[in-house]
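# sequence-free structure coming up:
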């Protein structure tokens, strides 16, 4: 089995209102050194060991559904031989 | 004129849309389930608001892959009027029938209130019954209506007159106060405010009715002989 960790984040050029609110809150807690907060999504996919071209398939899934390329970037890590 | 109201799991403005067409506009309308595979018998397609597929992943992201969306794309390519309101607008963006994407509202709050819109372009098939620059009252109800597109797309929207409506007082942070846009051809309109909830003075405003009347007028002029 493959375990794939997918991280989806807003693109740098896109304002992240959630991140801005959390930054404000961290500042009010006294963590004034926080310069920026970006909030994203973390997904775990488990793929059958028979899956071919794992990297290609995951990339396709990201571009079709998991991320919206207009406003989001994605990256992923593949772990092989995972026992769920 | 015969309209389809597409119903996804989680649609909740489908009944409002149906009511607006049947009872206020006086045209034919049918509910169509998301797995339908033929829309050829309809003259217009309406994607209502709500929370299709629970808004999981992103608003509209999963609905975009519903079976019926292939047919919606076909209807759009055939030049039929396609209107997406609120979640329907988000689905049109995810489908790529309209450019851009939605972000969460700038203030992170769900906003539900009547707002003033300005009719920016009254030459689309959805807006001919309005005056250019007219201010109309239409309610919004959304948490993710902060429209975004890159500069190049924005420029194109402006040059082609694709910005149909703007907000007078931007409630959600949307770029250039955009509330509704059309595709280049002008037969697909997506908007966050709900015209179907403003079709009778009893509801607080009947300003939305003209939008539907514009569609019917255009259809009659185009397809009905001696109308």
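Nice, I can see it. What you see is a predicted model, and the numbers here were worked out from it, not measured in a lab. Numbers count the residues shown, from 1 in each chain, chains lettered A, B, ... in the order given.
# By proximity to chain B, which residue of chain A wins?
residue A:70 (3.9 Å; Cβ to the nearest Cβ). Every C-beta, even on glycine, is put in place using the N, C-alpha and C of the backbone.
# Tell me who's in contact with that residue.
For residue A:70, the contacting residues are B:93, B:99-101, B:148-150, by Cβ atoms under 8 Å, 6 or more residues apart in numbering or on different chains.
# Could you report the neighbour count for residue A:28?
9 (other Cβ atoms under 10 Å in any protein chain shown).
# again, but for residue B:141
18.
# Spit out the contact partners of it.
B:49, B:86, B:110-112, B:194.
# could you redo the last one with a cut-off of 7 Å?
B:86, B:112, B:194 (Cβ atoms under 7 Å, 6 or more residues apart in numbering or on different chains).
# For the longest helix seen in chain B, buried residues please.
Secondary structure of chain B read by DSSP state H shows that its longest helix is helix B:209-223. Going by neighbour count (16 or more other Cβ atoms under 10 Å in any protein chain shown), the buried part of helix B:209-223 is B:209-219.
# likewise stretch B:83-92?
B:83-92.
# Please state the offset of that stretch from the chain centre?
5 Å (Cα atoms, centre = their mean, to the nearest Å).
# Report whether it contacts chain A.
No. Legend: contact between stretch B:83-92 and chain A by Cβ under 7 Å from any Cβ of the partner chain is lacking; minimum distance shown is 10.4 Å.
# Run through the bridge partners of residue A:47.
Residue A:47 forms beta bridges with residue A:2, as assigned by DSSP bridges.
# That one is in contact with residue A:53, isn't it?
No. In this structure, residue A:47 is not within contact of residue A:53 by Cβ atoms under 7 Å, at 10.7 Å.
# higher neighbour count, the two?
Ranked by neighbour count (other Cβ under 10 Å), residue A:47 and residue A:53 place residue A:47 first, with 16 against 9.
# got the contact list for that one?
Applying Cβ under 7 Å, 6+ apart, the residues near residue A:47 are A:1-2, A:4, A:54.
# Please indicate which of those residues has the highest neighbour count?
Among those, the one with the most neighbours (other Cβ under 10 Å) is residue A:4, at 21 neighbours.
# Can you tell me how far whichever residue of chain B sits closest to chain A is from residue A:31?
Nearest to chain A in chain B, going by Cβ to the nearest Cβ, is residue B:101, at a distance of 3.9 Å. Distance, residue B:101 to residue A:31, by Cβ to Cβ, to the nearest Å: 31 Å.
# okay, those two: which has more neighbours?
Taking other Cβ under 10 Å, residue B:101 and residue A:31 do not tie; residue B:101 has more neighbours (23 against 10).
# What parts of chain A come near chain B?
A:14, A:17-18, A:21, A:65, A:68, A:70-71.
# which phi and psi does the closest residue to residue B:212 other than its chain neighbours have?
In this structure, residue B:212 finds its nearest non-sequential neighbour in residue B:25, 4.7 Å apart by Cβ to Cβ, 6 or more residues apart in numbering or on different chains. Per-residue torsions, residue B:25: phi -90, psi -30 (degrees, to the nearest 10).
# mind listing what residue B:25 touches?
B:209, B:212-213, B:216.
# Put together CSV for those residues, with pLDDT on each row.
Converted to CSV, these look like this (pLDDT from 0 to 100):
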residue, pLDDT
B:209, 98
B:212, 98
B:213, 98
B:216, 97
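# does any part of stretch B:59-67 sit near chain A?
Yes. Stretch B:59-67 comes into contact with chain A (Cβ under 7 Å from any Cβ), by way of residue B:61.
# Quick check: end-to-end length of that stretch?
17 Å (Cα to Cα, to the nearest Å).
# How about it, which residues are buried there?
Neighbour-count burial for stretch B:59-67 flags B:59-64, B:66 (criterion: 16+ other Cβ under 10 Å).
# Run through the strands of the chain in chain order.
No chain was given, so I picked chain A. In chain A, the strands defined using DSSP state E lie at A:2-10, A:40-47, A:72-79.
# wrong one, chain B
B:2-7, B:28-33, B:44-47, B:82-85, B:101-103, B:111-119, B:135-142, B:146-148, B:163-167, B:178-182, B:188-191.
# circling back to that earlier point, can you list the contacts of residue B:141 in JSON lines and add pLDDT?
Converted to JSON lines, these look like this (pLDDT from 0 to 100):
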{"residue": "B:86", "pLDDT": "98"}
{"residue": "B:112", "pLDDT": "97"}
{"residue": "B:194", "pLDDT": "98"}
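# So for stretch B:154-163, mean pLDDT?
What stretch B:154-163 shows for mean pLDDT is 98.
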